[in-house]
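# Just to be clear, the model below is a prediction. Sequence and coordinates:
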Amino acid sequence: MLYGFLVSDSLSIIRKRSDFLAANRGVRVARPGFVLLAHPNGGLGKRFGVTVTKKIGNAVVRNRMKRRFRELLRAALPSSGLADHDHVLIGREGGVERDFALLGEELAAALARATAGKGDPPRRRPAPGKPHGRGR
RNA sequence: CCAGGGGGCCGGGCAGCCGCGGUCCUUCGCGAAAGCGGGGAUCGAGGAAAGUCCGGGCUCCACGAAGCAAGGGUGGCGGGUAACGCCCGCCGCGGGCGACCGUAGGGAAAGUGCCACAGAGAGUAGACCGCUAACCGGGCCAGUUCCGGCAGCAAGGCUGAAAGGGUGCGGUAAGAGCGCACCGGGGCUUUGGUAACAACGCCCGCAUGGCAAACCCCACCCGGAGCAAGGCCGAAUAGGGAUCCCGCGUCGAGCCGAUCGCAAGAGCGGACCGGCAGGGGGCUUCGCCCCAGAGGAUCCGGGUUGGCUGCUCGAGCGGCGCGGCGACGCACCGCCCAGAUGAAUGGCUGCCGCCGCGGCAUGGGUCGGAAACGAAACCGGCCGCGGCACAGAACCCGGCUUACAGGCCCCCUGGCAUU
């Protein structure tokens, strides 16, 4: 435990809505269970957040998805996350039933793509889409 | 054993590894401190946490107690409660063989209104089909006859959700509460009951339908907004007000755009730049040109964002006793039981439990066979796979309503069988 803080001390949670919106301008990698956003935060260390819209399900389903995503991020970010970046996972339909180990592999692959700077095309401009995470 | 009725309760369990959020302790590390980190202990979602439909507590606002008006709500009686539209007990009405169930259950001779369609007639009832003695006229097969008229009749038919009490007997030309009996209804007395109401008796032949979740009337209740309530602290940016300095002719400056800032949007806004309006000056005066549009200090109050607080000890929970048919109340003892805020209570695995599907085997029973044995898969056994509901605290309580896989317990009713 002596070295523990050396690795984990830089991991924190994104708490401001503006940071979530800023992440939309960063690298974007889509996977079957989720979409990963990575965006530099200017020396604040590795931070993460989770967004699950009401379209996915009721409160129980949404909370369960967030917990599993947080668990994935806690495991993956210290070793393979992007330094001084905000990492945001957006839940997609089907992400609740998806196998946990499989999600782990997909997150590792998505992080590798993001590190290489190769993102998927950003979301369609003309289509307004749903605002992500409307607060309450 | 079968069918059914009522009430109460649970809503997966255990273990391992890795994590999350509170609180407390810490002779540990860093730090001036506040704190941060490490270690330890302990606690960490529901019966509905849900819908946000009622009732309160708690805050702030308004208000002289109160009354009135408006609006909203409640609606048999009695009780319980902080309170309720909730709960308990009882009553009336309706349903069921029964246990029980349902019930928005004040007022319709205060008033207004509605009752479609159908139907002769729908609230001052009504002759369409009908029934009918006498009387008048007529027919011929000449009489206990037929037809028409005058008239009487609410018994039957028809329509309808509903036809102006029902059934029976008498009565009559035929009928009719016209008379009588019973039932129903209304009124009154008495008795029982706190009361709603019930029972007995007497009187009234009986015209006063239904709808008040139609307006309305009566009785009772209700001020408004909500923890994003409310309180505190600090900071940044620009603006507002006051005083003073500075400058000055009044006094210290209006609108729009672009840009940028606060805080991403919405919103708000300073300086610079551009334009317009306004002020001063000049000139060749229906116009053109030029000039100035400017600061500092202190204090006050407001907006935004962030942090802290409100924030969890409460109409609290668990026992036991007493009172009460019960809802519930009282006394004593014990306990502390989530406080997150992009929002903790989780991730993975193993065993057990329950349900479904498939397979194996052959213990019980079944079928075939004299038997050995074989078959099939009803019960039981073993193995594998899949599934285990509805649903996540957000200031806190009391209710209601809605959702819900599976399961447990108690009481009662009807029927069948047995002793």
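Yep, that arrived. Nothing here was measured: the structure is a model prediction, and the numbers come from that model.
# Can you tell me how far the residue nearest to residue A:117 when sequence neighbours are not counted is from residue A:75?
Closest residue to residue A:117 apart from its sequence neighbours, by Cβ to Cβ, 6 or more residues apart in numbering: residue A:27 at 6.7 Å. All C-beta spots, glycine's among them, are computed from the backbone N, C-alpha and C. Plainly put, residue A:27 is 21 Å away from residue A:75 if you go by Cβ to Cβ, to the nearest Å.
# More neighbours: those two, which one.
residue A:27 (22 against 13; other Cβ atoms under 10 Å).
# where does that one land on pLDDT?
Residue A:27 is assigned 80 on the pLDDT scale.
# Quick one: residues contacting the residue nearest to residue A:117.
When contacts are counted by Cβ atoms under 8 Å, 6 or more residues apart in numbering, residue A:27 touches A:37-39, A:114, A:117-119.
# In helices only, show me the residues you listed.
Among these, the members falling in helices (DSSP state H) are residue A:114.
# Can I get the contacts of residue A:27 in TSV including distance to residue A:82 and neighbour count?
Listed next are the contacts of residue A:27 as TSV, based on distance: Cβ to Cβ, whole Å; neighbours: other Cβ atoms under 10 Å:
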residue	distance to residue A:82	neighbour count
A:37	11	24
A:38	5	24
A:39	9	20
A:114	6	23
A:117	10	9
A:118	13	10
A:119	12	17
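# Tabulate the contacts of residue A:27 (a markdown table), appending pLDDT.
Putting the contacts of residue A:27 into a markdown table (pLDDT from 0 to 100) gives the following:
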| residue | pLDDT |
| --- | --- |
| A:37 | 83 |
| A:38 | 83 |
| A:39 | 79 |
| A:114 | 84 |
| A:117 | 74 |
| A:118 | 70 |
| A:119 | 66 |
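# any chance of the contacts of residue A:27 in a markdown table, plus distance to RNA strand B?
Shown next, in a markdown table, are those (distance: Cβ to the nearest atom of the strand, whole Å):
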| residue | distance to RNA strand B |
| --- | --- |
| A:37 | 11 |
| A:38 | 15 |
| A:39 | 13 |
| A:114 | 18 |
| A:117 | 24 |
| A:118 | 24 |
| A:119 | 19 |
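# Fine by me, thanks again.
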